[in-house]
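Asks: kindly return the folded structure for what I paste below:
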Amino acid sequence: MPPNKQKGQQGLQKIRKGRPMDRAGLITLEQARAAGLSFDEPEPRACPHCGAALDPLGAALAGRVAWVSAAPCLCEGAASEREAEARRRAALAAKEEAARREKALSRAGIPRRYWAAEADRPEFAEYIASFAGNGGAGLYIHGGVGAGKTHAASAMARLFAEAGYDVAFTTAKGMLERVKATFDEGGTEAAVARYAKCDVLVLDDLGKEDATEWSVGTVFSVLDARYEDMRPTIVTSNYAPGALADRLARRGERVTAEAIASRISQTCRPVYLGGRDRRRLG
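Replies: This is a model prediction of the structure:
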């Protein structure tokens with residue numbers, strides 16, 4: 001290594017060990033001289049607010065310094081400008097984060113009414129805390145009308161969507177309607193896959209949909225695929241676990257209905273929500 005370059009490299013090491021560099025690895029004129037680096041004399045720079053001379057800052061490469069910036073002035077005008085820029089950047093970051101959040105929640109299908117919903121019961125907090133390592137376990141939230149089932153499921157779906165998981169929130173009836181709408185377009189497989197392959201599926205109001213052979217079979221196809229792939233599903237229903245199969249089999253699809261109930265019982269922890277109708281309580 002040429003003597004000057006070696007001297008420059010050694011000088012840089014002394015700077016790195018002896019004192020921090022000023023900004024993002026940049027060095028001052030004083031540091032460049034102390035390190036024995038070669039450089040052109042920097043052009044003078046002055047603060048646009050108070051006129052004070054600003055210390056140049058440079059980037060060192062292969063023993064030579066290129067002057068690229070200047071140290072910030074500490075005067076009141078310069079400080080105010082930096083504060084205003086920091087506020088502008090913070091506002092822009094907040095706006096971008098809000099847009100990212102809205103996009104994630106909209107794509108997940110979470111009703112806007114529940115975008116601020118909170119999972120306010122210990123069972124839900126425990127589920128969220130252990131979610132990453134729960135092996136695809138889900139929840140079966142059941143209770144009467146207005147007990148807060150959709151609110152609770154939406155709150156958890158919101159948290160997962162905001163954390164970056166691919167979430168699909170849908171009523172059982174809505175899922176079947178969207179799949180059925182693809183019959184003439186040949187996109188049924190992709191429609192089913194949206195619910196079968198997402199990271200987290202929230203299936204709201206299971207048992208309210210029509211219990212036809214096709215509908216019961218489609219629900220089973222989705223839940224069975226998720227069961228096989230160990231993908232978590234959160235189900236809400238007005239029907240207790242022991243009554244679900246009877247509800248789904250009300251038109252005769254007993255075998256498939258019992259298979260659905262079995263898949264849910266194997267993968268979803270039951271959580272009962274009782275109490276008065278939250279919607280009537282305001």
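Asks: pretty sure residue 149 is touching residue 155, no?
Replies: No - taking contacts as C-beta atoms under 8 Å, residue 149 lies outside contact range of residue 155: 11.0 Å. Where you see a C-beta, it was placed from the backbone N, CA and C, and this is true even at glycine.
Asks: so residue 32 makes contact with residue 60?
Replies: Yes - at 7.2 Å, residue 32 and residue 60 qualify as touching, with contact defined as C-beta under 8 Å.
Asks: which residues do those two both contact?
Replies: Contact criterion C-beta atoms under 8 Å, 6 or more residues apart in numbering; residues shared by residue 32 and residue 60: none found.
Asks: show the residue spans covered by the strands in the stretch 101-250 of the chain.
Replies: Using DSSP state E, counting those that start in this stretch, the strands of the stretch 101-250 of the chain run over residues 138-143, 167-171, 200-204, 233-237.
Asks: show me what the third one pairs with in its sheet, parallel or antiparallel.
Replies: Pointing back at strand 200-204 there. In the sheet, strand 200-204 lines up against strand 167-171 (parallel), strand 233-237 (parallel) (DSSP bridges).
Asks: can you list the strands of the stretch 101-250 of the chain in CSV and add mean pLDDT, mean neighbour count and distance to residue 271?
Replies: Shown next, in CSV, are the strands of the stretch 101-250 of the chain (pLDDT from 0 to 100; neighbours: other C-beta atoms under 10 Å; distance: least, C-beta to C-beta, whole Å):
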stretch, mean pLDDT, mean neighbour count, distance to residue 271
strand 138-143, 98, 24, 5
strand 167-171, 98, 23, 17
strand 200-204, 98, 25, 13
strand 233-237, 98, 26, 10
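Asks: closest to residue 121 out of those?
Replies: strand 138-143 (9.7 Å; C-beta to C-beta).
Asks: list the helices and strands that closest one packs on?
Replies: Judged by 3 or more C-beta pairs under 8 Å, 6 or more residues apart in numbering; DSSP states H and E, strand 138-143 is in contact with helix 122-129, helix 149-162, strand 233-237, helix 254-267, strand 268-273.
Asks: of all the ones you listed, which lies closest to residue 220?
Replies: helix 254-267 (5.1 Å).
Asks: follow-up on the earlier one: how about the strands paired with strand 200-204 in JSON lines, adding distance to residue 267?
Replies: Formatted as JSON lines, the strands paired with strand 200-204 follow (distance: least, C-beta to C-beta, whole Å):
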{"stretch": "strand 167-171", "distance to residue 267": "16"}
{"stretch": "strand 233-237", "distance to residue 267": "7"}
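Asks: figure out which of the ones you listed is closest to residue 43.
Replies: Closest among the strands paired with strand 200-204, using C-beta to C-beta: strand 167-171, at 55.1 Å.
Asks: can you pull out the helices in the protein?
Replies: 3-18, 29-35, 76-108, 122-129, 149-162, 172-180, 188-197, 213-229, 241-248, 254-267, 278-281 (DSSP state H).
Asks: which of these sits most buried?
Replies: Sort the helices of the chain by mean neighbour count, taking mean count of other C-beta atoms under 10 Å, and helix 149-162 sits at the top with a mean of 23.
Asks: okay, and for the stretch 101-250 of the chain, where does confidence drop off?
Replies: Judged against pLDDT under 70, the stretch 101-250 of the chain has no low-scoring part.
Asks: now residue 97: how far from residue 162?
Replies: Per C-beta to C-beta, to the nearest Å, residue 97 is found 10 Å from residue 162.
Asks: I should have written residue 138 there, sorry.
Replies: For residue 138 relative to residue 162 (C-beta to C-beta), the value is 19 Å.
Asks: please apply the same query to residue 184.
Replies: For residue 184, the distance to residue 162 - C-beta to C-beta - is 36 Å.
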